[in-house]
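> need a 3D model of the sequence below.
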Amino acid sequence: MAGRNDQPGAVSDDEWAGLCRALEREAWLSDERFKTANGRIIHVQARLELTAAVLREGTSADWLRRLDREGVPCAPVLTREQVIEQEQLRVNEVIEELDHPVAGRYRQPRPAACFSETPARIRSHAPPV
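Residues are numbered from 1 along each chain as shown. You can find the predicted model right below:
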């Protein structure tokens, strides 16, 4: 059995209650399988199938709004292009554009660490094949 930290979905009591309210499925709160965090872990497959069926009924934007309102940690699943377009990445200068002698202009994440006295940087591109 997997541990709590690697379980997808709302497992803690507060998150589970918020999810049930957001999905308008408060009856799940009295379902014996899901009454405890351990029960929600043991019955993970049923929990995820029920949740997925409800989520298919609405839009991502609506569910994100509802889950956020209930205090359930959530985030959209983005395409690669949507990730690159995120304002936070632009503000934090996470993506660098470089020139490759063969491939031309390309984008690449900068090194994750940012140090004031020894700044990390991309020193060279991948070698040509």
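
> would you map the strands across the protein?
In the chain, strands defined by DSSP state E lie at 95-100, 104-109, listed in chain order.

> now do the last one, average pLDDT.
It stands for strand 104-109. Throughout strand 104-109, pLDDT has a mean value of 89.

> quick one: residues in contact with that strand.
Residues from elsewhere that reach strand 104-109 (Cβ atoms under 8 Å, 6 or more residues apart in numbering): 84, 94-100, 122, 125. For every residue, glycine as well, the C-beta is placed using N, CA and C.

> can you tell me which of these are buried?
Neighbour counting by 16 or more other Cβ atoms under 10 Å classes V94 among those as buried.

> tell me which of the contacts of strand 104-109 is nearest to R110?
Of all the contacts of strand 104-109, R110 sits closest to E96, with 4.9 Å by Cβ to Cβ.

> the closest one reaches R123, doesn't it?
No. Applying Cβ atoms under 8 Å as the test, E96 and R123 come out as separate, 11.7 Å apart.
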